[in-house]
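> With the input below, show me the fold.
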Amino acid sequence: MSLTVSIVSDEKELKEIYRLRYKIYCLELGFEKPEHYENGILKDIYDDSAVNFAVKDYSNKIVGAIRLILYSEHGFPIEKYCDLDFNQDEIPRGEIAEISRLAIHRDFRRRAEDKYIYGPDEERRSIGSFNFSSNYSNSRRFEDKHRYKNNSLRTGASQIEGRKKHEIIIELYKAVYQESKRRQLSSWYAVMTKGIVSLLDKFGLKFNAIGDPVDYHGIRTPYFGEINKIEQEMSNIDPELYEEFSRDL
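Here you go, the predicted structure:
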């Protein structure tokens, strides 16, 4: 795959990212209602204080995106939608950013990746907007009991194979890491499925849960990652990947 990753600030390209989000979050997965957004654009107040990253294919088409929300008067989505077991005052607000809105075009996603990133089928729904089936109990709505396995993600050749399989995800997180270092950030927030956390953990991108699962774009758990500890973990697990992440910084 011939892919390039860059920070997007051009309004035309930003709209392409917002349309990709809309297609995935509203039309494909049903996390949000299409009628809540005009002209097929999924954008919110946090985009005004976010750094948006895009992955482009050989034809210069945006096929993946993620954003890094910087602190502003609006705060962070994680603090609005999650009950955190975490003292937000321990770290200066300007040193924290929230990673969110990971979006990958369906032509570049495998079925297994859908479950990693967005959760199992029954957990893909708009918040409080669908009629749930009778066998989907309320107690299960707020528990993430699923376990995700990918035995190919190990050291050596199989780990390289794993990196190739999840190239877009790794490239986006590398861009987020490098921009965070340039901005002298120390920590990340993120609200993610346990599947994507498990996947990232295989590469040394280790996040710790700081609250119970919530119904937020499906069943999600709030996480916190300390960048210096992630660097140590990655350098131990995959030195070549760490060298790639930290190159030119």
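
> Could you use CA atoms for every contact and neighbour count after this?
Will do.

> can you give me the helices for this protein?
Using DSSP state H, the helices found in the chain span residues 11-21, 77-81, 111-118, 138-141, 157-165, 167-182, 194-202, 227-237, 239-246.

> Quick check, central residue of the protein?
In the chain, the C-alpha nearest the mean C-alpha coordinate belongs to residue 102, at 4.1 Å (C-alpha atoms, centre = their mean).

> Could you verify my assumption that that residue touches residue 66?
Yes - in this structure, residue 102 is within contact of residue 66 by C-alpha atoms under 8 Å, at 4.5 Å.

> what residues are shared contacts of those two?
Overlap between the contact sets of residue 102 and residue 66, as judged by C-alpha atoms under 8 Å, 6 or more residues apart in numbering, is nil.

> residues contacting the residue nearest to the centre of the chain?
Contacts for residue 102 (C-alpha under 8 Å, 6+ apart) come out as 64-67.

> redo that, cut-off 6 Å
For residue 102, the residues meeting the contact criterion (C-alpha atoms under 6 Å, 6 or more residues apart in numbering) are 65-66.

> Residue 68 now?
Taking C-alpha under 6 Å, 6+ apart as the contact definition, residue 68 lies against 50-51, 98-99.

> Export those residues as CSV, with columns for pLDDT and distance to residue 4.
Below are the contacts of residue 68 laid out as CSV (pLDDT from 0 to 100; distance: C-alpha to C-alpha, whole Å):
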residue, pLDDT, distance to residue 4
50, 98, 20
51, 98, 17
98, 98, 23
99, 98, 19
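
> what about this structure, any weak spots by pLDDT?
Scanning the chain for pLDDT under 70 picks out the ranges 1, 110-116, 120-164.

> separation between residue 229 and residue 188?
In this structure, residue 229 and residue 188 are separated by 12 Å, where distance is defined by C-alpha to C-alpha, to the nearest Å.
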